[in-house]
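Novice: Please find the sequence and the predicted model below.
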Amino acid sequence: MEEHQNSAQLQDEGAFLLIDKPLDWTSFDVVAKVRNTYRQSGLKRKVGHCGTLDPKATGLLILASGRKTKAIAGLEILDKVYDGAIKLGVMTESHDTETSEYGECSTDHLTEEQIRLAAATFVGTHQQQPPMHSAAWHQGKRLYEHARKGEVIKERKSKEIVIYRFEVTRIDLPMVYFVLHVSKGAYIRVIAHDFGQALGTGGYLASLRRVSIGSYELSSARTISDTIEDIVQSTHQPDL
């Protein structure tokens, strides 16, 4: 029954596709793969995504195709929930695993109470600057283009974000495992970096997985290969 529903949905003029994005794929890679699959199946269909995931993040990515792309703006404003790990006692320029570690220091003095109290202080409304290694725009260029040239744009435009929940689920120093519930546009890498700064040890985002966007859950997402198979099968079914 579920298989027939997936096929029927994909045959419509538009669909929402819930995909479990794998590690090291960009969000655009996923969009391009799905768009090319439609094209190879004889359908010229618009495809867009709702909420970028960094290459080093995995988890829920919602794609919209056809007429459903008009609803992307409504999905982008939804809250998001992530789980992941922050490595304390060291930093990276990108605030995640995309660049090399530097500034190593000991975390032996940190207590569980200190770590949990620090996390609690992050709950609330904040002004957050996008990281230099990001796709945010500055004077007609992506910030990561400036970063690759060694440029640091200090006047990066801040935006308001809300951290609704910052729960430390496990501590195994130097790793701190967490669940974060945030508003749209929040950079988890920046929160990880700021968390390390608050503890005086530095830190960066070691892993990240998006588990929900609004009411859409990762448990309902499919792999890229399964999604591709769905599209191919739905566009090659004989008329009944």
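Specialist: Received, thanks.
Novice: ok, for R210, nearest residue in space, not its chain neighbours?
Specialist: Closest residue to R210 apart from its sequence neighbours, by C-beta to C-beta, 6 or more residues apart in numbering: G59 at 3.6 Å. To be clear about C-beta, it is placed using only N, CA and C from the backbone, and glycine gets the same treatment.
Novice: which residues of the protein score low on pLDDT?
Specialist: Within the chain, the ranges that satisfy pLDDT under 70 run 1-13, 132, 134-144, 146-147, 149, 151, 153-155, 236-240.
Novice: circling back to that earlier point, just give me how far the helix or strand that contains the residue nearest to R210 sits from the chain centre.
Specialist: Secondary structure assignment for G59, by DSSP states H and E: strand 57-66. Its chain's average C-alpha position is 10 Å from that of strand 57-66, according to C-alpha atoms, centre = their mean, to the nearest Å.
Novice: in the helix or strand that comes right after it, what's buried?
Specialist: Using DSSP H and E, the helix or strand that directly follows strand 57-66 along the chain is helix 72-76. Buried residues in helix 72-76, counted by 16 or more other C-beta atoms under 10 Å: I72, L75.
Novice: Packing partners of the strand holding G59?
Specialist: Contacts defined by 3 or more C-beta pairs under 8 Å, 6 or more residues apart in numbering; DSSP states H and E place strand 57-66 against strand 14-21, helix 27-40, strand 47-50, helix 72-76, strand 80-88, strand 203-213, strand 216-217.
Novice: now with 7 Å?
Specialist: Judged by 3 or more C-beta pairs under 7 Å, 6 or more residues apart in numbering; DSSP states H and E, the packing partners of strand 57-66 are strand 14-21, helix 27-40, strand 47-50, strand 203-213.
Novice: How is this structure divided into domains?
Specialist: Domain assignment for the chain, taken from automatic domain parsing, gives 2-77+216-235, 80-213.
Novice: now the end-to-end length of the last one.
Specialist: Just to be clear, that refers to domain 80-213. By C-alpha to C-alpha, to the nearest Å, the extent of domain 80-213 from end to end equals 5 Å.
Novice: For it, what is the distance to the chain centroid?
Specialist: Distance, centroid of domain 80-213 to centroid of chain: 12 Å (C-alpha atoms, centre = their mean).
Novice: how near is the residue most central in space within the chain to K21?
Specialist: Nearest to the mean C-alpha position of the chain, by C-alpha atoms, centre = their mean, lies L53 at 2.9 Å. Distance, L53 to K21, by C-beta to C-beta, to the nearest Å: 5 Å.
Novice: anything in contact with each of these two?
Specialist: Both L53 and K21 are in contact with G59, L61, where contact means C-beta atoms under 7 Å, 6 or more residues apart in numbering.
Novice: and the angle for the longest strand along the chain with strand 80-88?
Specialist: Secondary structure assigned by DSSP state E gives strand 159-172 as the longest strand of the chain. Using axes from the mean of the first three to the mean of the last three C-alpha atoms, to 10 degrees, one finds that strand 159-172 and strand 80-88 are set 60 degrees apart in direction.
Novice: Can you list the strands that strand 159-172 pairs with?
Specialist: strand 124-128 (antiparallel), strand 175-182 (antiparallel) (DSSP bridges).
Novice: right, so the ones you listed: which one is the most enclosed?
Specialist: Counting by mean count of other C-beta atoms under 10 Å, strand 175-182 has the highest mean neighbour count of these, with a mean of 20.
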